[in-house]
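Participant: here is my input; please provide its structure:
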Amino acid sequence: MISISLCMIVKDEEENIRRALSWGRGRVCEQIVVDTGSTDRTVEIAEEMGAKVYHFQWCDDFAAAKNHAIEQASGEWIAFLDADEYFSE
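Facilitator: Next comes the predicted model:
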């Protein structure tokens, strides 16, 4: 079986993060959330849902944040989604 790491780069996504992480449970080997400075409950919700949360100081470089997420991932494949995206059943 192929292992897939779900990675998200987020900031202030408390309205979306629960749905974004819900679909992946049982389908991916890990869920990685890289937070770039949220001031809402995004981090708290992600942690409650079992995601691995990492903090990244935003430096106006999405590629740097994405590379940080890749460094944390252990899956053979990596799926990147925005917090307002999810796969349908």
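Participant: show me what contacts the nearest residue to residue 36 once chain neighbours are set aside?
Facilitator: Excluding the flanking residues, the one nearest residue 36 by CB to CB, 6 or more residues apart in numbering is residue 58, at 4.2 Å. Any C-beta I mention is one placed from the backbone N, CA and C, and that applies to glycine too. For residue 58, the contacting residues are 11, 36, 37, 65, by CB atoms under 8 Å, 6 or more residues apart in numbering.
Participant: the second one reaches residue 10, doesn't it?
Facilitator: Yes - in this structure residue 36 lies within contact range of residue 10 using CB atoms under 8 Å: 6.9 Å.
Participant: okay, those two: which has more neighbours?
Facilitator: Counting neighbours by other CB atoms under 10 Å for residue 36 and for residue 10 shows that residue 10 has the greater number, 24 against 17.
Participant: next one, pLDDT for that one please.
Facilitator: You'll see residue 10 listed with a pLDDT of 98.
Participant: please name the residues that touch the nearest residue to it once chain neighbours are set aside.
Facilitator: Among residues not flanking residue 10 along the chain, residue 83 sits closest, at 4.8 Å (CB to CB, 6+ apart). When contacts are counted by CB under 8 Å, 6+ apart, residue 83 touches 8, 10, 13, 16, 17, 20, 42.
Participant: give me the three-state assignment for residue 83.
Facilitator: For residue 83, the assignment made with DSSP: H, G, I helix; E, B strand; the rest coil gives coil.
Participant: can you pull the pLDDT of the residue nearest to residue 36?
Facilitator: As predicted, residue 58 sits at a pLDDT of 96.
Participant: can you start the count at 9 instead of 1 from here on
Facilitator: Yes, from this point I'll number from 9; that puts the last item at residue 66.
Participant: name the element it belongs to?
Facilitator: For residue 66, there is no enclosing helix or strand under DSSP states H and E.
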